[in-house]
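Peer 1: just the structure for this:
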Amino acid sequence: MTTEHNKQEDMQEQSFVSHLVELRNRLVIGLSSVFVIFIILMIFPGANALYEWFSAPLTSILPAGTSMISTEPHGPFFVPFKLTGAIAVGLAVPVLLYQIWGFVAPGLYKNEKRIVFPLLLSSTLLFYLGVLFAYYIVFPIIFGFFTATAPEGVAVMTDINSYMSFALKLFLAFGVAFEVPVATVLLAKLGIVSPESMAEKRAYIVVAAFIAGMLMTPPDIFSQTFLALPVWGLFEIGLIFAKRVYPYDQDRDENPVVES
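Peer 2: Numbering: from 1, shown residues only. Take a look at the predicted model:
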């Protein structure tokens, strides 16, 4: 009996060690992908060129004779360097998610595997879509408004580090906000909430979207509104797909039809 118990403990210990080794290997692959992308970006197009692209929504609408500034001596070097690192992490997201998927997949049931991979893929695409929406739609509008409303005699000369922090915060906010359809479909697929129940709570969703916009974006009504309205629209899109995946058999089991 003791021998069998020791064998079981040895097997459990070996299994635990093998999981740690696999986790380490996948972390190495994920971090290596970030590093490789970072090196490529530093060489081509280069950190300064990336920052020029990144700041274009603001610099393209600055008044004539003004430019961005750096209030720190090391800012001109470290800010583009940090931005390149952030972009490298963002571009490596598919690789990182794939490593997570590969690590957890063996422990999932067959029906769970069928839904997890599409969710990872769609969530990645939606996150990128949110970032692009912020860059190409939101930034030109809000920066145009801010620069146009500057008081007389005030030169708009934004610090490069402040701009980076502001823009990355908006990128993250819009990227996360665009995950609403994924959350909606997941809740329906797992049978936690029915699409009909979510539709009935639409008014609360709209209010929650504006509250999320207030909490996740800088304190201006424009950023908040530009975040809240897409969230509402994406929620409606998520409802359409949620109706297709919701297990309606569960409703019939809970509320059987009584024949007269």
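Peer 1: where along the stretch 151-260 of the chain do the strands fall?
Peer 2: Using DSSP state E, counting those that start in this stretch, no strands are assigned anywhere in the stretch 151-260 of the chain.
Peer 1: got any ranges where the stretch 1-150 of the chain has weak pLDDT?
Peer 2: For the stretch 1-150 of the chain, the stretches with pLDDT under 70 are 1-14.
Peer 1: residues of stretch 176-192 that come out buried?
Peer 2: Neighbour counts using 16 or more other C-beta atoms under 10 Å place 176-182, 184-189 of stretch 176-192 among the buried residues. Bear in mind the C-beta positions are built from the backbone N, C-alpha and C, glycine included.
Peer 1: do the same with stretch 215-229
Peer 2: The neighbour-count check on stretch 215-229 (16+ other C-beta under 10 Å) flags 216-217, 223-228 as buried.
Peer 1: from those, pick the one nearest I69.
Peer 2: Ranked by distance to I69 (C-beta to C-beta), the buried residues of stretch 215-229 are led by S223 at 22.6 Å.
Peer 1: dump the residue contacts of that closest one.
Peer 2: The contact partners of S223, taken as C-beta atoms under 8 Å, 6 or more residues apart in numbering, are 138, 142, 170, 213, 217.
Peer 1: can you pull the contacts of E152?
Peer 2: Going by C-beta under 8 Å, 6+ apart, E152 touches no other residue.
Peer 1: that one and P63, how far apart?
Peer 2: The gap separating E152 from P63 is 12 Å, by C-beta to C-beta, to the nearest Å.
Peer 1: E72 too?
Peer 2: 24 Å.
Peer 1: now swap in R202 and tell me
Peer 2: Distance from R202 to P63, counting by C-beta to C-beta: 43 Å.
Peer 1: which residues in the stretch 1-150 of the chain form helices?
Peer 2: Along the stretch 1-150 of the chain, counting by DSSP state H, counting those that start in this stretch, helices occupy 2-43, 47-59, 75-91, 93-104, 110-133, 139-148.
Peer 1: related to what we said a few turns ago, the contacts of S223: which two are farthest apart?
Peer 2: Comparing all pairs in these by C-beta to C-beta, the longest separation belongs to I142 and G213, at 12.5 Å.
Peer 1: list residues touching both of these two?
Peer 2: Joint contacts of I142 and G213 (C-beta under 8 Å, 6+ apart) are 223, 226.
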